[in-house]
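Student: no letters, just coordinates:
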């Protein structure tokens, strides 16, 4: 018989556990029921209110202009719909909204608000400017307003019918170019040596680690590039504002004198230089738009629809033949990678997915990449080659940057299209071998051992560089460069020697690349979609499908609910994302550049061949 002394406590503990378990299950069931009720209510009440006549579209763009949100769908949607400032604005979303609004009879004008817009590369800005021009060509007005304008913001503002600015604002255009940190002396002081093996006299990626200043070749190539990009920028602004050629440079050169004449008021300088049409506060803008349009139901502002709200109203098509789009944005690495970085295997898988999709009749690869790993680049190029062999046309559309590895992935297409402001080319290869033997000696650490072959420690960063290994590496890099120029010559239907003459790691603008036979056509993303559709014998406005990684359960829920329902859910649960601090720009740049050395050291097997242009948005 069980001891009666323990029977009573066991019964009490059993009853207590039953009570705890029943309470737990009841609470979970109640929470689940609450979620179901909220979802149902959100679905029922989430339909967008119909737009009224005389509605203004407010293009309150935020964050940098990108091809693809670097965060996942869930994070981007919750950040945007929850009222937080989105981390980025997708170029395709801006084009979709402007082109749809141009045809929408309810939308009569657009208000461009750029205070939170962080800009983008020249090619992307030109795409948005062209969409603004199409909107205006439909007979609708665009009014731009800002507390002030930096160079990138002003490029878009200049393409409005009317440019307004706060009386305390200023227009700041400083030209293109960049200053680069050089770490040779700093690395010497800590005992780190960076051994550079490269092909291409203009291939300057390794210079910051091996020199204390730019080479003559870098100065020549960068000057040629930046001057061409700046000419494209100023020409676009001057034509949009109907200013005489040279007006922007004259304003910059004479800025001290003009500012003195204006009594130190930069807003008056912008007004007298005809960069802006009027100086108005935000409440004066609001009153002006009420007078030109209509009041909202509460009578406090003008009748309007926000960029986010109007984008949520655009429903994608799900039936019919389509043009598929794969985005390759960011540095190219081997293996898989999330949005914001180009994974060689993951991007190749997306291309394979598009090839196997029977509804996708043509493919556009949208490239915005300075390059990276050679192997990852080749995986992507090969999948495009197989896609063409399968009978599906491939068009490469170059964005802000498509250089080095970004150019490598473009060499298996029916057409390569770039904007005149695209940065491309940089056909060259290099490898870096950082060694820290002297740094270890400084702290009294010595490295020694026994190996069966000379190769066993040849790439060890704790040892001095092995001349035999360096020679071996140079031979391998030479062969990769030969492959690069040979593939480029085959793609461009020319000879390797002619490609070599415009290669050597040198970067070009899209317009310069066209003159040198490195691309086929000058045009933007919209033109690339049309070209792909035409090659596949589809209508110009054929359905477009973005081929992206399969969404997780949270992303599927967001897609199921739709943007309006998600907005209701977010409002009910009051979800807020904590903003992440950004390091000081100078510190961030140094961390990123020196981080390359650490990354290269970690993943070389026995070395990493890299095709990267060390270039970006000017």
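Tutor: It's in. Predicted model, so just to flag it, every value in this text is computed and none were measured. Numbers count the residues shown, from 1 in each chain.

Student: doesn't residue 355 make contact with residue 386?
Tutor: Yes. Using C-beta atoms under 8 Å, residue 386 makes contact with residue 355 at a distance of 6.8 Å. C-beta: built from backbone N, CA, C; applies to glycine.

Student: which one of these two is surrounded by more residues?
Tutor: The residue with more neighbours, out of residue 386 and residue 355, is residue 355; 21 against 16, by other C-beta atoms under 10 Å.

Student: which secondary structure state is assigned to that one?
Tutor: Counting by DSSP: H, G, I helix; E, B strand; the rest coil, the backbone at residue 355 sits in helix.

Student: what's across from residue 332 in the sheet?
Tutor: Partner residues in beta bridges with residue 332, using DSSP bridges, are residue 342, residue 372.

Student: do residue 432 as well
Tutor: Bridge pairing for residue 432 - DSSP bridges - gives residue 196.

Student: and it, how many neighbours?
Tutor: 21.

Student: that one reaches residue 203, doesn't it?
Tutor: No. Taking contacts as C-beta under 8 Å, residue 432 lies outside contact range of residue 203: 11.6 Å.

Student: quick one: secondary structure of the residue nearest to residue 544 when sequence neighbours are not counted?
Tutor: Spatial nearest neighbour of residue 544, chain neighbours left out: residue 323 (5.4 Å); criterion: C-beta to C-beta, 6 or more residues apart in numbering. Put simply, residue 323 is strand when judged by three-state DSSP.

Student: which secondary structure element is home to residue 541?
Tutor: For residue 541, there is no helix or strand it lies in under DSSP states H and E.

Student: nope, residue 482 is what I was after
Tutor: For residue 482, the element it lies in under DSSP H and E is helix 467-492.

Student: who's in contact with the next helix or strand along the chain from that helix?
Tutor: Downstream of helix 467-492, the first helix or strand assigned by DSSP H and E is helix 496-502. Residues outside helix 496-502 that contact it (C-beta atoms under 8 Å, 6 or more residues apart in numbering): 425, 427, 482, 485-486, 488-489, 492, 508, 516-518.

Student: what packs against the helix or strand just after helix 496-502?
Tutor: Per DSSP H and E, helix 496-502 leads on to strand 507-509 as the next helix or strand towards the C-terminus. Secondary-structure packing of strand 507-509 (3 or more C-beta pairs under 8 Å, 6 or more residues apart in numbering; DSSP states H and E): helix 216-240, strand 423-425.

Student: next, the contact list for the most centrally placed residue in the chain, please.
Tutor: The centroid of the chain falls nearest to residue 66 when counting by C-alpha atoms, centre = their mean (3.4 Å). With contact set as C-beta under 8 Å, 6+ apart, residue 66 has these partners: 88-91, 120, 329, 368.

Student: one more pass at 7 Å, please.
Tutor: With contact taken as C-beta atoms under 7 Å, 6 or more residues apart in numbering, residue 66 is in contact with 88, 90-91, 329.

Student: same check on residue 305?
Tutor: Contacts of residue 305 by C-beta under 7 Å, 6+ apart are 51, 55, 57.

Student: that one belongs to a strand?
Tutor: Yes. Residue 305: assigned to a strand according to three-state DSSP.

Student: what pairs with it across the strands?
Tutor: The partner residues for residue 305, given DSSP bridges, come to residue 57.

Student: and the helices in the stretch 151-300 of the chain?
Tutor: In the stretch 151-300 of the chain, helices defined by DSSP state H, counting those that start in this stretch lie at 151-157, 184-190, 207-210, 216-240, 247-253, 255-261, 266-272, 282-292, listed in chain order.

Student: could these be laid out in TSV, adding mean pLDDT and distance to residue 437?
Tutor: Output for the helices of the stretch 151-300 of the chain, formatted as TSV (pLDDT from 0 to 100; distance: least, C-beta to C-beta, whole Å):
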stretch	mean pLDDT	distance to residue 437
helix 151-157	98	45
helix 184-190	90	12
helix 207-210	90	16
helix 216-240	96	29
helix 247-253	97	49
helix 255-261	97	51
helix 266-272	97	54
helix 282-292	94	61
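
Student: looking at these, which is buried most?
Tutor: The highest mean neighbour count among the helices of the stretch 151-300 of the chain, using mean count of other C-beta atoms under 10 Å, belongs to helix 151-157: a mean of 25.

Student: which helices and strands does it pack with?
Tutor: Secondary-structure packing of helix 151-157 (3 or more C-beta pairs under 7 Å, 6 or more residues apart in numbering; DSSP states H and E): strand 117-119, helix 122-137, strand 141-146, helix 216-240.

Student: now the angle between helix 216-240 and the second one, please.
Tutor: Helix 122-137 and helix 216-240 are oriented at 10 degrees to each other (axes from the mean of the first three to the mean of the last three C-alpha atoms, to 10 degrees).

Student: ok, how many other residues are close to the residue nearest to residue 544?
Tutor: Other residues lying near residue 323 total 26 when counted by other C-beta under 10 Å.

Student: so it touches residue 362, yeah?
Tutor: Yes. Residue 323 is within contact range of residue 362, at 5.0 Å (criterion: C-beta atoms under 7 Å).

Student: contact partners for residue 380?
Tutor: Contacts of residue 380 (C-beta under 7 Å, 6+ apart): 328, 344, 347-348, 351, 409.

Student: excluding chain neighbours, what is closest to it?
Tutor: Distances taken as C-beta to C-beta, 6+ apart place residue 409 nearest to residue 380, at 4.4 Å, with adjacent residues excluded.

Student: I'd say the one you found and residue 382 touch.
Tutor: No. Using C-beta under 7 Å, residue 409 is not in contact with residue 382, being 9.7 Å away.

Student: which one of the two is surrounded by more residues?
Tutor: residue 409 (31 against 15).

Student: so what's that one up against?
Tutor: Residue 409 makes contact with 328, 365, 367, 377, 380-381 under the criterion C-beta under 7 Å, 6+ apart.

Student: so which of these sit within helices?
Tutor: 377, 380-381 (DSSP state H).

Student: let me have those in a markdown table, extended by pLDDT.
Tutor: Formatted as a markdown table, those follow (pLDDT from 0 to 100):
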| residue | pLDDT |
| --- | --- |
| 377 | 96 |
| 380 | 98 |
| 381 | 97 |
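
Student: which one of the residues you listed is nearest residue 161?
Tutor: Proximity of the ones in helices among the contacts of residue 409 to residue 161 (C-beta to C-beta) peaks at residue 380, which lies at 42.0 Å.

Student: about what we covered before: so what sits against both of residue 323 and residue 362?
Tutor: 532-533, 536.

Student: so which of the residues you listed comes closest to residue 70?
Tutor: Nearest to residue 70 among those: residue 532, at 25.3 Å, using C-beta to C-beta.

Student: can you tell me the SS state at the closest one?
Tutor: helix.

Student: point out where this protein drops to low pLDDT.
Tutor: 1-17, 28, 30-48, 71-86, 299, 551-609, 614, 616-617 (pLDDT under 70).

Student: if we go to 80?
Tutor: Within the chain, the stretches with pLDDT under 80 are 1-49, 71-87, 297-299, 550-618.

Student: now stretch 195-207: how far from the chain's centre is it?
Tutor: From the chain centre to the centre of stretch 195-207 is a distance of 26 Å (C-alpha atoms, centre = their mean, to the nearest Å).

Student: what's the answer for stretch 366-384, then?
Tutor: For stretch 366-384, the distance to the chain centre is 16 Å (C-alpha atoms, centre = their mean).

Student: same thing with stretch 424-439?
Tutor: With C-alpha atoms, centre = their mean, you get 25 Å for stretch 424-439.

Student: got the buried residues for that stretch?
Tutor: If you call a residue buried by 16 or more other C-beta atoms under 10 Å, then stretch 424-439 has these buried ones: 424-437, 439.

Student: this completes my enquiry, with thanks.
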